[in-house]
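Q: I would like the atomic coordinates for the input below:
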Amino acid sequence: MALAASGVTSAARAADADLVRNGGFESGLDGWTCTAATTVDSPVRSGSSALRATPAGADNARCSQTVTVKPDSTYTLTGHVRGSHVYLGASGTGATDVSVWTQSAPDWQRLTTTFRTGPATTRVTLYTHGWYGTGAYHADDLSLVGPGGETGQPPAPPTGLRTGTVTSTSVALSWSPVAGATGYAVYRDGDKVQTVSGTSATVSGLTPSTAYAFQVTALNDAGESARSATVTATTGGSGPGGPSDLPAHALVGYLHATFANGSGYTRLADVPDSWDVIDLAFGEPTSVTSGDIRFDRCPVTECPNVESDAEFKAAIKAKQAAGKKVLISIGGQNGQVQLTTAAARDTFVSSVSRIIDEYGLDGLDIDFEGHSLSLNADDTDFRNPRTPVIVNLVSALKTLKARYGDGFVLTMAPETFFVQLGHQYYGTGKWGGQDPRAGAYLPVIHALRDDLTLLHVQDYNSGPIMGLDNQYHSMGGADFHIAMTDMLLTGFPVAGDATKVFPPLRPDQVAIGMPATANAGNGHVSPAEVTKTLDCLTKRMNCGSYATHGAWPGLRGLMTWSINWDRFGGWEFQRTFDGYFG
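A: Numbering: from 1, shown residues only. So this is what the prediction gives:
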């Protein structure tokens, strides 16, 4: 193979060898684990084939191969690439992981780097990948030159593969342990979708009413076993996260139920039929860490036209009879909630349940702002949160969902600082010094994505946020809403880490949060900009300079702060929604 010679330096010893299997891709993708990749016969650097991989959405088109190495040894990694933003690197070295990249390679360009393995390192993963939205890249003649390690034998294939709980978007799997295995790989319809250390896994992100085939393999330092026998499962027919009787496109609004401001008090019975989900603002805690939530309706002294409790409850029933959902929203600007202990978690569950039961509500909206959610310094992976306020909130919401069943409506209204900012910054960061609240909603959303009815991020009162195009986007026009929503529907690396990608949400789980009037919040946009936003995201038309990663006609709709402010503004926001969706 041509590359073996190109990768060997004068310092290489006689015992050194090229450890990469199929580094020239002459045998297709044999030996490689790739996403969005294939082999092509042109362009090639040598031989008859090369790799072509195309990043798309939240996938950077990574190809990787794990090789056996010796501890305390020096290796030289080399490859030739073409394209924009192409990376070559090695991870799991036991010392300092390395990578090199080129921003622009119109023709074949050589990338090379060296590393030394740690004192106990016997396996290293080599990889190449592109970058999001930058187009296809090519790679050829990849080589790792250095002393080879002892390979041993791969484990036997797993047995006893079986399915557990099956929902509309996920399938639980389990199997018998394999002697000598250090991990397991899960395959869905022939594609490797995850690796785990134990003998169970849940494959999520599936399509309702769809049949899937699953297999698993066992892994150790010597390699991967043959695949297990296949089991099949068909997902359920209705989506998770709440009732299926929401309209295809829903209008969500907050109703000031506990206070008055310049917008005036609006009685629940006077809310027009256009509003499909009505969030009663707000339930607030007796203290920041008590978990004890109270819903105290606006007093007559502040809201002279407030209805009685009986009239209020009758209005809730009337809205529900008309197919509307009425929720209690917890938090808001002044309602800081920190569930720092298990006792606070349990109090939260019991107190919220009392409110839901007393008023006969359909569910719960989480509108935690300010300092309610913050990540501890050692909490660096949104997929496995460790911070008590995060873990306890997730536990509390799962308990409420289980208590009330599939019809329970669960929505969230985080600010961009707690969600999309996580693409660039997460918590205090690797070196500390960052705001620990950055991206702090991501572990909550991710843990509850199969229970979540709607996520409507507040695209207002926000600073500039970097989008998937690596450009900053600011409030004031359709561009901001398009870029922020595209991130939710496409997924994104968290803190720029390509190994920690926040998966996309379903379009029916996403609504766009906008202020109803200029008085309601910073970032108000005109009806024409609202229409432009919806055109771009649902039809991929009228997008302006931002190129979305898809079109989502199933986008659920719009949320606004607030119904009261929209009434104050002559129902402009409601009329825009009705005019667009009919």
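
Q: was I right about residue 165 contacting residue 172?
A: Yes. Residue 165 is in contact with residue 172 according to CB atoms under 8 Å; the separation is 4.6 Å. Backbone N, C-alpha and C define where each C-beta goes, glycine included.

Q: so which of these two has more stuff around it?
A: For residue 165 versus residue 172, neighbours defined as other CB atoms under 10 Å are more numerous around residue 172 (16 against 8).

Q: so the more buried one belongs to a strand, correct?
A: Yes. Under DSSP: H, G, I helix; E, B strand; the rest coil, residue 172 falls within a strand.

Q: partners of it in the sheet?
A: Following DSSP bridges, residue 172 is listed with bridge partners residue 202.

Q: check what pLDDT it gets.
A: You'll see residue 172 listed with a pLDDT of 85.

Q: how near is the closest residue to residue 370 other than its chain neighbours to residue 289?
A: Spatial nearest neighbour of residue 370, chain neighbours left out: residue 336 (5.3 Å); criterion: CB to CB, 6 or more residues apart in numbering. According to CB to CB, to the nearest Å, residue 336 and residue 289 sit 9 Å apart.

Q: kindly report the same for residue 509.
A: When distance is defined by CB to CB, residue 509 is 30 Å away from residue 289.

Q: quick one, which of these two is more surrounded?
A: Shown here are residue 509 and residue 289; by other CB under 10 Å, residue 509 has more neighbours (25 against 17).

Q: just read off the phi/psi values of the more buried one.
A: When quoted as degrees, to the nearest 10, the phi and psi of residue 509 stand at phi -90, psi 0.

Q: state the distance from it to residue 155.
A: To residue 155, residue 509 is 39 Å away according to CB to CB.

Q: over to residue 359?
A: For residue 359 relative to residue 155 (CB to CB), the value is 57 Å.

Q: again with residue 34
A: In this structure, residue 34 and residue 155 are 23 Å apart, going by CB to CB.

Q: these two: who's more crowded?
A: Legend: neighbour count by other CB under 10 Å for residue 34 and residue 155, higher for residue 155 (22 against 19).

Q: tell me which element the residue nearest to that one when sequence neighbours are not counted falls in.
A: Closest residue to residue 155 apart from its sequence neighbours, by CB to CB, 6+ apart: residue 218 at 4.0 Å. Taking DSSP states H and E as the criterion, residue 218 maps to strand 211-220.

Q: list the neighbouring strands of that strand plus their orientation.
A: Strand pairing for strand 211-220, determined by DSSP bridges: strand 183-188 (antiparallel), strand 223-224 (antiparallel), strand 231-234 (antiparallel).

Q: a markdown table for those, including mean neighbour count, mean pLDDT and distance to residue 581?
A: Compiled in a markdown table, the strands paired with strand 211-220 are given as follows (neighbours: other CB atoms under 10 Å; pLDDT from 0 to 100; distance: least, CB to CB, whole Å):
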| stretch | mean neighbour count | mean pLDDT | distance to residue 581 |
| --- | --- | --- | --- |
| strand 183-188 | 20 | 92 | 35 |
| strand 223-224 | 19 | 86 | 49 |
| strand 231-234 | 15 | 84 | 32 |
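
Q: of those, which is nearest residue 90?
A: Comparison of the strands paired with strand 211-220 against residue 90 by CB to CB identifies strand 223-224 as nearest, at 17.8 Å.

Q: contacts for the closest one, please.
A: 151, 154, 185, 217, 218 (CB atoms under 8 Å, 6 or more residues apart in numbering).

Q: and that strand, how far from the chain's centre?
A: Between the centre of strand 223-224 and the centre of its chain there are 30 Å (CA atoms, centre = their mean, to the nearest Å).

Q: mind checking the SS state of residue 71?
A: Three-state call for residue 71 (three-state DSSP): coil.

Q: quick one: pLDDT of it?
A: At residue 71, the model reports a pLDDT of 92.

Q: and residue 240, by the same measure?
A: pLDDT for residue 240: 51.

Q: and if you look at the one 10 residues further on?
A: Listed pLDDT for residue 250 reads 95.

Q: what's the answer for residue 122, then?
A: Residue 122 carries a pLDDT value of 87.

Q: so it sits right up against residue 68, yeah?
A: Yes. The criterion here is CB under 8 Å, and residue 122 meets it with residue 68 at 6.3 Å.

Q: who's more crowded, these two?
A: The neighbour comparison of residue 122 against residue 68 (other CB under 10 Å) goes to residue 122, with 19 against 16.

Q: quick one, what contacts the more buried one?
A: Taking CB under 8 Å, 6+ apart as the criterion, residue 122 is in contact with 68, 69, 70, 71, 149, 150, 221.

Q: most neighbours, which of these?
A: Highest neighbour count within the contacts of residue 122, by other CB under 10 Å: residue 69, with 23 neighbours.

Q: what bridges to it?
A: With DSSP bridges as the criterion, residue 69 is bridged to residue 148.

Q: give me the nearest residue to residue 514, chain neighbours excluded.
A: For residue 514, ignoring the flanking residues on the chain, the nearest one in space by CB to CB, 6+ apart is residue 560 at 5.6 Å.

Q: distance check, the one you found against residue 304.
A: With the distance defined as CB to CB, residue 560 ends up 25 Å from residue 304.

Q: of those two, who's got more company?
A: Neighbours of residue 560 and residue 304, each counted by other CB under 10 Å, are more numerous for residue 560; the result is 30 against 10.

Q: right, and that one touches residue 511 too?
A: No. Look at residue 560 against residue 511 with CB under 8 Å: they stay out of range, at 9.6 Å.

Q: what's the overlap in contacts for these two?
A: With CB under 8 Å, 6+ apart, residue 560 and residue 511 have common neighbours residue 252.

Q: let me know the secondary structure of residue 311.
A: Classification of residue 311 by three-state DSSP places it in helix.

Q: so where's the stretch 451-582 of the chain uncertain?
A: Counting by pLDDT under 70, the stretch 451-582 of the chain shows no low-confidence range.

Q: same deal with the chain?
A: 1-15, 150-152, 236-244.

Q: contact partners of stretch 331-338?
A: 281-285, 288-289, 291, 293, 330, 344, 348, 366-372, 389.

Q: of these, buried ones?
A: 281-285, 289, 291, 293, 330, 344, 348, 366-370, 372, 389 (16 or more other CB atoms under 10 Å).

Q: so of these, which ones are in helices?
A: Here DSSP state H is the test, and the buried ones among the contacts of stretch 331-338 give 344, 348, 389 as lying in helices.

Q: phi, psi for the residue nearest to residue 137 when sequence neighbours are not counted please.
A: Distance criterion CB to CB, 6+ apart; nearest residue to residue 137, sequence neighbours excluded, is residue 83 at 3.1 Å. Per-residue torsions, residue 83: phi 120, psi -180 (degrees, to the nearest 10).

Q: what sits opposite residue 83 in the beta ladder?
A: As for beta bridges, residue 83 partners with residue 105 under DSSP bridges.

Q: what of residue 38?
A: For residue 38, the beta-bridge partners under DSSP bridges are residue 52.

Q: separation between the closest residue to residue 285 other than its chain neighbours and residue 513?
A: Take residue 285 and drop its neighbours on the chain: the residue closest to it by CB to CB, 6+ apart is residue 337, 5.2 Å away. Distance of residue 337 to residue 513, computed by CB to CB: 19 Å.

Q: more neighbours: which of these two?
A: Counting neighbours by other CB under 10 Å for residue 337 and for residue 513 shows that residue 337 has the greater number, 29 against 25.
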